[in-house]
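Chemist: Fold the following for me, if possible:
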Amino acid sequence: MVILCSSSVGFVENSLVTKIGEAAYEITGFLEVRELGFLELSGCFRKYSMRQCVELYAVLGGVPGLWQYVSDDVDVRGNICRAILKKGAVLRTEAERYVSQELREPAVYHTILNCIAAGKRKLNDLYLETGFSRAKISVYLKNLTELEIVEKISSMDTAGRDNAMKGIYRIRSPYVNFWFRFVFANYSKLELMSEEEFYDMYIAPEFDAYAAGVFPVVCREYLNRLNQAGRLPIKCEKSGRWIGKNGTIDIMAMDREGRTLLGACGFSEDEMTYENYQKLLSVMKQARVKADYIYLFSAGEFDDELQTLAQRESNIELIRLSQL
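Modeler: Purely as a prediction, here's the structure:
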């Protein structure tokens with residue numbers, strides 16, 4: 001058996017067969033190796049707290065090739081400064097190299113990715129921000145989507161579909177997203193100051209909010225593991241999220257009978273409060289969906305009112321970060 005490995009999706013899909021000629025007739029199959037999950041990362045960085053693991057996962061994602069450049073002997077800030085921001089560090093140019101090796105006109109793609117990372121996630125927002133035509137942006141988004149650098153987010157279908165946002169894009173790779181969110185637009189400033197000064201000025205103020213955006217991914221992975229082990233109250237057949245015009249349901253899952261499990265995730269606050277629960281109920285009304293079970297995830301604690309509610313209502317579960 002001969003196994004050919006490549007990190008270039010574009011090369012494998014478009015050029016590999018031509019390059020190897022008649023040997024292509026011997027190919028018996030293609031296998032796309034997916035990124036590892038949060039569970040694997042936390043197992044590799046055992047000196048880290050669960051919160052630190054979430055923060056690191058928000059930066060590097062599930063690519064072990066990136067993990068080798070960091071160490072749990074150093075905190076997350078130190079790893080970012082040493083492995084990403086420091087002049088000469090391997091990861092300092094990795095995000096742009098990854099995009100450039102797959103695509104022509106990298107400057108245009110970098111501009112679009114920078115806008116998406118900054119929160120301009122709809123086609124019209126990108127049009128207003130970049131000045132490129134909508135048709136041009138659509139073509140570039142299609143190319144980025146085919147290479148799995150960007151994905152179009154769809155809400156799970158509910159009766160409240162009129163209240164859902166449509167045509168939302170996000171950067172799939174946490175590392176590419178991190179780079180374009182914090183470093184790309186400020187790269188010239190990085191040249192003029194130390195890594196620590198750059199981190200404290202341009203990354204630290206928004207890093208907690210950035211990591212909070214990745215926390216629901218970690219929580220969904222946890223629920224998927226429970227589902228596979230048969231440890232959820234329903235056997236989930238489909239799952240996703242609901243993105244509304246005035247709020248988001250972080251986790252939605254349903255079984256064949258239509259029973260629904262919903263989840264809300266809180267990362268930035270010291271504790272999840274009863275008001276957070278009420279906000280979830282409000283978004284549920286917009287989505288016009290009812291929950292048979294509710295799972296609340298908190299990186300901190302839960303206030304007394306929520307704990308009392310969970311004790312009284314058997315269909316409400318409170319999950320702390322340590323349980324992940």
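Chemist: I figured Arg92 hits Ile80, correct?
Modeler: No - contact criterion C-beta atoms under 8 Å: Arg92 and Ile80 do not qualify, at 10.8 Å. The C-beta positions use only the backbone N, C-alpha and C, and glycine is treated the same way.
Chemist: which residue packs closest to the residue nearest to the spatial centre of the chain, ignoring adjacent ones?
Modeler: Nearest to the geometric centre of the chain sits Val214, at 4.7 Å (C-alpha atoms, centre = their mean). In space, Val214 comes closest to Ala58 once its chain neighbours are excluded; the distance is 3.9 Å by C-beta to C-beta, 6 or more residues apart in numbering.
Chemist: by contact count, what packs against whichever strand or helix holds the one you found?
Modeler: For Ala58, the host element (DSSP states H and E) is helix 50-60. Applying 3 or more C-beta pairs under 8 Å, 6 or more residues apart in numbering; DSSP states H and E, one finds that helix 50-60 contacts helix 38-44, helix 76-80, helix 174-178, helix 204-228.
Chemist: Spell out which residues sit in contact with the closest residue to Tyr199 other than its chain neighbours, please.
Modeler: In this structure, Tyr199 finds its nearest non-sequential neighbour in Cys81, 5.5 Å apart by C-beta to C-beta, 6+ apart. Shown in contact with Cys81 (C-beta atoms under 8 Å, 6 or more residues apart in numbering): Glu195, Glu196, Tyr199.
Chemist: Sort out which of the residues you listed are buried, if you could.
Modeler: Buried positions within the contacts of Cys81, assessed by neighbour count (16 or more other C-beta atoms under 10 Å), are Glu195, Tyr199.
Chemist: which phi and psi does Leu261 have?
Modeler: The phi and psi values for Leu261, taken as degrees, to the nearest 10, are phi -120, psi 130.
Chemist: again with the one 10 residues further on
Modeler: Main-chain dihedrals, Glu271, degrees, to the nearest 10: phi -150, psi 150.
Chemist: re the thing from before, out of the helices and strands packed on helix 50-60, which one sits most buried?
Modeler: Greatest average neighbour count among those goes to helix 174-178 (a mean of 23), per mean count of other C-beta atoms under 10 Å.
Chemist: With just CA atoms, put it into CSV.
Modeler: Extracted as CSV, the C-alpha positions of helix 174-178 are listed here (Å, rounded to 0.1, in the frame of the first residue of the first chain):
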residue,chain,number,x,y,z
PRO,A,174,-9.6,29.2,14.0
TYR,A,175,-6.0,30.1,13.2
VAL,A,176,-6.8,31.9,10.0
ASN,A,177,-9.6,33.7,11.7
PHE,A,178,-7.4,34.7,14.6
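Chemist: Could you list every helix and strand in contact with it?
Modeler: When contacts are defined as 3+ C-beta pairs under 8 Å, 6+ apart, helix 174-178 packs onto helix 50-60, helix 94-102.
Chemist: Next, the angle from the next helix-or-strand element following the shortest one to helix 204-228.
Modeler: Just to be clear, that refers to helix 94-102. Remark: after helix 94-102, the chain's next helix or strand is helix 106-117, criterion DSSP H and E. Going by axes from the mean of the first three to the mean of the last three C-alpha atoms, to 10 degrees, helix 106-117 is angled at 80 degrees with respect to helix 204-228.
Chemist: okay, helix 106-117 in PDB with CA atoms only?
Modeler: Output of helix 106-117 as PDB, limited to C-alpha atoms (Å, rounded to 0.1, in the frame of the first residue of the first chain):
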ATOM      1  CA  PRO A 106      -4.100  36.700  -2.600                       C
ATOM      2  CA  ALA A 107      -4.400  40.400  -1.800                       C
ATOM      3  CA  VAL A 108      -8.100  40.400  -2.700                       C
ATOM      4  CA  TYR A 109      -8.800  37.200  -0.700                       C
ATOM      5  CA  HIS A 110      -6.900  38.700   2.300                       C
ATOM      6  CA  THR A 111      -9.100  41.800   2.200                       C
ATOM      7  CA  ILE A 112     -12.200  39.700   2.200                       C
ATOM      8  CA  LEU A 113     -11.000  37.500   5.000                       C
ATOM      9  CA  ASN A 114     -10.000  40.500   7.000                       C
ATOM     10  CA  CYS A 115     -13.500  41.900   6.700                       C
ATOM     11  CA  ILE A 116     -15.200  38.600   7.600                       C
ATOM     12  CA  ALA A 117     -12.900  38.300  10.700                       C
END
